[in-house]
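In: sequence plus predicted model, see below.
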Amino acid sequence: MSPVTLLPFIVLIGAMFLMTRSAKKKQQQAAAMRNDMQPGSGVRTIGGMYATVKEVNEDTVLLDAGPGVDLLFAKNSIGAVLTDDEYNRIVHGIEHDLKSDSDVVPDDASSLTGSAGTDDSVDEAAASDDKSVDLGKKDATDEVQEKAADAEQAEVAEEPKKTDGDSDAKK
């Protein structure tokens, strides 16, 4: 056989090798994550249940799903080990104060409209934004009006022109 006929088979085998290699790498990362579980850490099972790890054994994990509710799961059923902040945000609704330095979004839009009580820097910024820039885009209403005008012109062009009675018809 010539090398040209073997080339597609070689490419196919190479692609299969790369795909299995990446899948194996993901499986190793998941196994490492499950082996690194410690009692007290929050987890999400593959079924979507959130719980706290109570005890870790070789093949099983004892989870605390609530007061008086202890569940025994296989280690392979743990989908993700969550950070403390993420677990508290999801389960208890406690937000970590990472966004304390960021701007606060108001509950209503009245403070965003630039009313009389705003400072001068906001008024200057609003005044500079008042200039409209034509970017070549048209509103939907403009397009409808243009299509209507084009249709009227086409109708006018199709109408027969009136003459003074001179025609080429036979008498």
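Out: Arrived safely.
In: gap between Ile46 and Lys25?
Out: Here Ile46 is placed at a distance of 19 Å from Lys25 (CB to CB, to the nearest Å). (C-beta placed from N, C-alpha, C; glycine too.)
In: got it, and Leu71?
Out: Distance of Leu71 to Lys25, computed by CB to CB: 30 Å.
In: so where is this structure shaky, pLDDT-wise?
Out: Across the chain, the ranges flagged by pLDDT under 70 are 96-107, 111-112, 114-142, 155-171.
In: where exactly do the helices run in it?
Out: Secondary structure of the chain (DSSP state H): helices located at 3-35, 84-87, 120-129, 140-158.
In: the second one: which residues count as buried?
Out: When you say that, I think you mean helix 84-87. Tyr87 (16 or more other CB atoms under 10 Å).
In: so which elements touch that helix?
Out: strand 42-45 (3 or more CB pairs under 8 Å, 6 or more residues apart in numbering; DSSP states H and E).
In: using PDB, write out the CA atom coordinates for the strand it packs on.
Out: The C-alpha trace of strand 42-45 is given here as PDB (Å, rounded to 0.1, in the frame of the first residue of the first chain):
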ATOM      1  CA  GLY A  42     -18.800  21.200  51.400                       C
ATOM      2  CA  VAL A  43     -19.500  19.000  48.400                       C
ATOM      3  CA  ARG A  44     -22.000  18.600  45.600                       C
ATOM      4  CA  THR A  45     -23.000  15.100  44.500                       C
END
